[in-house]
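A.B. asks: here you go, sequence then predicted model.
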Amino acid sequence: MVEKTRLAPYVFKVPIERVRAGYYADKYFTRYVDILRKDNLHQKVVYQIFPRADAVVAGLDEACAI
């Protein structure tokens, strides 16, 4: 198996402040953050995907950069 080296985060020029502010997130994600903050909970949340059929997942380097 060939080991893949990930692209460095700076390559993508991610607008990190907009990402952190939830600008690009679905509304239900920002609602979860609001609920956690309101209840003074500081949980680390992991997002998982479960494709229903064979699929190609693209943009993993960019997702890791975010």
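C.D. replies: Everything's here; your move. Numbering: from 1, shown residues only.
A.B. asks: what about residue 22, how many residues nearby?
C.D. replies: 14 (other Cβ atoms under 10 Å). (Each C-beta comes from the backbone N, C-alpha and C, glycine too.)
A.B. asks: mind checking how far it is from residue 6?
C.D. replies: 25 Å (Cβ to Cβ, to the nearest Å).
A.B. asks: ramachandran angles for the residue nearest to residue 18 when sequence neighbours are not counted?
C.D. replies: Among residues not flanking residue 18 along the chain, residue 24 sits closest, at 6.6 Å (Cβ to Cβ, 6 or more residues apart in numbering). Main-chain torsions, residue 24, degrees, to the nearest 10: phi -100, psi 0.
A.B. asks: repeat that for residue 65.
C.D. replies: According to degrees, to the nearest 10, residue 65 has phi -70, psi -30.
A.B. asks: retrieve the pLDDT associated with it.
C.D. replies: As predicted, residue 65 sits at a pLDDT of 81.
A.B. asks: distance of it from residue 20?
C.D. replies: Taking Cβ to Cβ, one finds residue 65 at 13 Å from residue 20.
A.B. asks: if you count surrounding residues, which of the two has more?
C.D. replies: Neighbour count, other Cβ under 10 Å: between residue 65 and residue 20, residue 65 has more, with 18 against 10.
A.B. asks: the closest residue to the more buried one other than its chain neighbours: neighbour count?
C.D. replies: Spatial nearest neighbour of residue 65, excluding adjacent residues (Cβ to Cβ, 6+ apart): residue 9 at 3.7 Å. Counted with other Cβ under 10 Å, residues neighbouring residue 9 total 14.
A.B. asks: okay, now the residue nearest to residue 18: neighbour count?
C.D. replies: When neighbours are defined as other Cβ under 10 Å, residue 24 has 11 of them.
A.B. asks: give me the distance between it and residue 17.
C.D. replies: 11 Å.
A.B. asks: what of residue 8?
C.D. replies: Taking Cβ to Cβ, one finds residue 8 at 19 Å from residue 17.
A.B. asks: nice, that's everything, thank you.
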